[in-house]
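**Q** For reference, the sequence and a predicted model appear below.
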Amino acid sequence: MTILTTSHGLHAVDAASIPAAPRGVTPFDAAGKQRLLKMTETQRSEVLGALDEVAVKGPKLKEDLGRYAPDPSEAQLHMQKLEAARSATLKAEALASYSRDVEASANHDAMTYLLAVKTELLHIVQNHDAQLATEYPRVTALVEQRRDAILEGRARAKAEPAEGVATPAATAPVAPKG
């Protein structure tokens, strides 16, 4: 029996080693997110470039834009915040993607193992000891759930023609009018 997680060198990251979100911080609700000014992914470098341009101007910004010009030192702070947030986001997304792969692999390994248990359990129940099934109610329930799901999927596949596959009505020749 192949154990996919081990054979692919996948190991779950210790959840205790992953930092939690800061205490007291609540995520934006939908209305809060809606009010935020946004930039597209393709504008990220342009925004950083514009901030850098303002930061480089320094005191000249006030000369050029007048006394109400924003403090040019804030441009550098915004660049640092953007770069730190992006770096953290990319790292968190990579970890989440890796963790989903590890979880999918672990799910596969667990199901492979349980299907092997099911095979042997069914063999014993059908050929030697029918009462043994009562000793493994969760395995039996899982087997029944999987069987039902497979049957439902097959019935659905028969009822719904596959996308791109012509149905008899769609391929029937159209009689000319007249």
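**A** In hand now; what should we look at?
**Q** and the longest helix for the chain?
**A** Longest among the helix segments of the chain by residue count, using DSSP state H, is helix 73-127.
**Q** what angle sits between the helix or strand just after that helix and helix 73-127?
**A** Heading C-terminal from helix 73-127, the first helix or strand you meet, by DSSP states H and E, is helix 137-159. Taking axes from the mean of the first three to the mean of the last three C-alpha atoms, to 10 degrees, one finds that helix 137-159 is oriented at 100 degrees with respect to helix 73-127.
**Q** for helix 137-159, the distance to its chain's centre please.
**A** From the chain centre to the centre of helix 137-159 is a distance of 25 Å (C-alpha atoms, centre = their mean, to the nearest Å).
**Q** For the remainder of this discussion, apply numbering that starts at 6.
**A** Fine by me, first position is 6 from now on; the one you just mentioned is helix 142-164.
**Q** which helices and strands sit right next to the longest helix of the chain?
**A** Helix 78-132 makes packing contacts with helix 9-12, helix 49-62, helix 142-164 when contacts are defined by 3 or more C-beta pairs under 8 Å, 6 or more residues apart in numbering; DSSP states H and E. Where you see a C-beta, it was placed from the backbone N, CA and C, and this is true even at glycine.
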